[in-house]
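> Okay, here's the prediction I keep looking at, along with the sequence it came from:
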Amino acid sequence: MDYQSPLAKVRGLGSAKSGTGHWWMQRVTALALVPLTYWLLVYLGMSLTSPYQQTLAWLAQPLHAVAVWSWVLLACYHAALGLQVVIEDYVAAEGLKIIAVWLVNLAFLFLALAASVALLRIVVAG
Amino acid sequence: MRKLVCIAFAILKNNKPCDPLYETNTRLHNLFQDGIYRHNHPSMAGNIMASSPNRPTSPHLQVYRLPLTGLISIAHRMTGVLLVLGLVMLVWQLLAVSSGEQAYLMMQSWLAMWPLKVIFWGFVYALFFHLCHGVRHLLWDAGFGFERDDLNRFAVIELAGSFVLTAITFFTL
Ligand code: HEM
């Protein structure tokens, strides 16, 4: 017995799926990353050369913390969307494609969480 | 001359110029040359390649020297993928900063070594290049800059721009 309606069966199987939203979020994250890159570079310059306390104090300021944090989170989202497109272009086997895309998504979720833990610890300490 | 080589190859590969697929591929190829080729557009080569690997093809990547715009297009994709490695390293760096002064000093001494310095500046350059071409993508999406002259001018601006931005960063960081 098959209780699924024809609509339920095809839902999520269409070729485009949520393509427009995907495309749009790639642009939104890209646009947001442009100004935020300034603070990322300031942070990198500081953390590679300055004393520990100075870097902590800089990062503990709300604007700086939010800017660096946003950069990392948006970059994770943007890169997950981007890698999905790359995988879809070059991986032909449907099953492998789906697994690869979800592994990528999980990996970036993990990265975003790790970065968040690190930044929370820094902000609390600084 | 390029066209001749292409046709010769097409005939060799049994893909005659009257073949509709040849036409499609030629049209795709022209888009590619103009740098408007989109890896992720549903109707473009990426998906055709992925869905029917045995289709007859006209030679493109092997025969043509890509024009500057085409090279930049593929470089944007490569830098996007490479930047992911940079992102992983950044998160590792943040974890080090969050793990106390000793880990921080260790991280600094690591990143002071020249191979890692080279990688770091490679990351900065890749980031600026990807950013510049990304901004151009956003301009395209807004409907600007599709003329051939614009394409070539922007290609040069992007390359120069990412270089200058990296230099500015180098001298101010
Ligand atoms: C800093 C500002 C950035 C801007 C303005 C930007 C812009 C863009 C744009 C507009 C696209 C879509 C290209 C297309 O449709 O073909 C794109 C793709 C991509 N981006 Fe970014 N990006 C930025 C940073 C990053 C970072 C930090 C990463 C990685 C950690 C990244 C990874 C990717 C990847 C993997 C793609 C897919 C490449 C492709 O489909 O060819 N981007 N980027």
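Cool, got the structure.
> show me where the chain has helices.
Let's take chain A. In order along the chain, chain A carries the following helices (DSSP state H): A:6-10, A:19-49, A:52-60, A:62-90, A:94-125.
> actually chain B
B:2-12, B:20-33, B:45-51, B:68-97, B:101-111, B:114-141, B:148-172.
> Which of those sits closest to A:Y3?
Distances from A:Y3 to each of the helices of chain B were compared by C-beta to C-beta, and the smallest falls on helix B:45-51, at 31.7 Å. The way it works is simple: take the backbone N, C-alpha and C, and place the C-beta from them, glycine included.
> what is the mean pLDDT for that closest one?
Averaged across helix B:45-51, the pLDDT comes to 52.
> In TSV, list the helices of chain B along with mean neighbour count.
As requested, these are arranged in TSV below (neighbours: other C-beta atoms under 10 Å in any protein chain shown):
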stretch	mean neighbour count
helix B:2-12	13
helix B:20-33	16
helix B:45-51	16
helix B:68-97	18
helix B:101-111	14
helix B:114-141	17
helix B:148-172	15
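> The helices of chain A into TSV, with extra columns for mean pLDDT, mean neighbour count and distance to chain B?
Shown next, in TSV, are the helices of chain A (pLDDT from 0 to 100; neighbours: other C-beta atoms under 10 Å in any protein chain shown; distance: least, C-beta to the nearest C-beta, whole Å):
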stretch	mean pLDDT	mean neighbour count	distance to chain B
helix A:6-10	75	9	18
helix A:19-49	95	16	3
helix A:52-60	95	16	5
helix A:62-90	97	19	3
helix A:94-125	95	16	4
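> returning to that earlier point: could you dump the helices of chain B to JSON lines with distance to the ligand?
Conversion of the helices of chain B to JSON lines gives the following (distance: least, C-beta to the nearest ligand atom, whole Å):
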{"stretch": "helix B:2-12", "distance to the ligand": "25"}
{"stretch": "helix B:20-33", "distance to the ligand": "13"}
{"stretch": "helix B:45-51", "distance to the ligand": "9"}
{"stretch": "helix B:68-97", "distance to the ligand": "3"}
{"stretch": "helix B:101-111", "distance to the ligand": "19"}
{"stretch": "helix B:114-141", "distance to the ligand": "2"}
{"stretch": "helix B:148-172", "distance to the ligand": "11"}
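> picking up where we left off before, right, so of the helices of chain A, which gets closest to the ligand?
Checking those against the ligand by C-beta to the nearest ligand atom gives helix A:62-90 as the closest, at 2.4 Å.
> and the angle for that closest one with helix B:68-97?
What separates the directions of helix A:62-90 and helix B:68-97 is an angle of 130 degrees, with axes from the mean of the first three to the mean of the last three C-alpha atoms, to 10 degrees.
> so, in contact with the ligand or not, helix A:62-90?
Yes: Helix A:62-90 comes into contact with the ligand when judged by C-beta under 6 Å from any ligand atom, the residues involved being A:A75, A:H78, A:A79, A:G82, A:L83, A:V85, A:V86.
> can you pull the contacts of the closest residue to the fifth one other than its chain neighbours?
Going back to what we said before, that points to A:L83. Counting by C-beta to C-beta, 6 or more residues apart in numbering or on different chains, the nearest residue to A:L83 once its immediate chain neighbours are dropped is A:V104, at 4.9 Å. A:V104 makes contact with A:A80, A:L83, A:Q84, A:I87, according to C-beta atoms under 8 Å, 6 or more residues apart in numbering or on different chains.
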